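Q: The sequence isn't on hand, but the structure is:
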C-alpha cells in the first residue's frame, strides 16, 4: 500500500508522518523504518523505529530511491512499514518521475502487504492524476 502526505512547506506533513510511524510501531508485527535526509527526527520517533539517513547512501534520484527501498525490503522480510520524509528534497521536485516510481513500488507493496508513506512538498493539484488516489 502506498500513502502520500501532500502539502506545502510548513503544513504539518512531517508531524503527521511522525504520528503515523509511532502508531505503526505499536501495532506492527515486524519492523518499521523511517528514511529521511539527515537525522532530525531522532528524538521524535519511537526508539523501536529504524531511522535511516539517506544522505549516507548517495541516493539523489528516483530510480536510486526505488532501488534503495527494494533493497530494504529484500534485506529484511519483517518490514511492515516504511516512511520516507521530504521526498522532493531527496530526489528533486519532478512529479512525473515520482509518479513513475510510486507506480512501480505499488506493485511490490501490494504483493507483500507492506505500507510505504511519503511526504511530498507541493500543492495537492501538482501531484499527477494517476497517483492522486494514494493521497491521505
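A: Looks like it came in fine. Everything numeric in this text was worked out from a predicted model, so none of it was measured.

Q: what does the lengthiest helix in the chain rub up against?
A: Determined from DSSP state H, the single longest helix within the chain is helix 95-112. The contact list for helix 95-112 (C-beta atoms under 8 Å, 6 or more residues apart in numbering) reads 1-2, 4, 61-63, 65-66, 69-70, 73, 87-88, 91, 114-116, 118, 120, 122, 126-128, 130-131, 134. C-beta here means a position set from N, CA and C on the backbone, and glycine is covered the same way.

Q: Tell me the gap between it and the middle of its chain.
A: 11 Å (C-alpha atoms, centre = their mean, to the nearest Å).

Q: Let me know the next secondary structure element after it.
A: Going down the chain from helix 95-112, the next helix or strand is strand 115-121, by DSSP states H and E.

Q: Show me what that following strand is packed against.
A: Packing partners of strand 115-121 (3 or more C-beta pairs under 8 Å, 6 or more residues apart in numbering; DSSP states H and E): strand 2-7, helix 13-27, strand 79-84, helix 87-91, helix 95-112.
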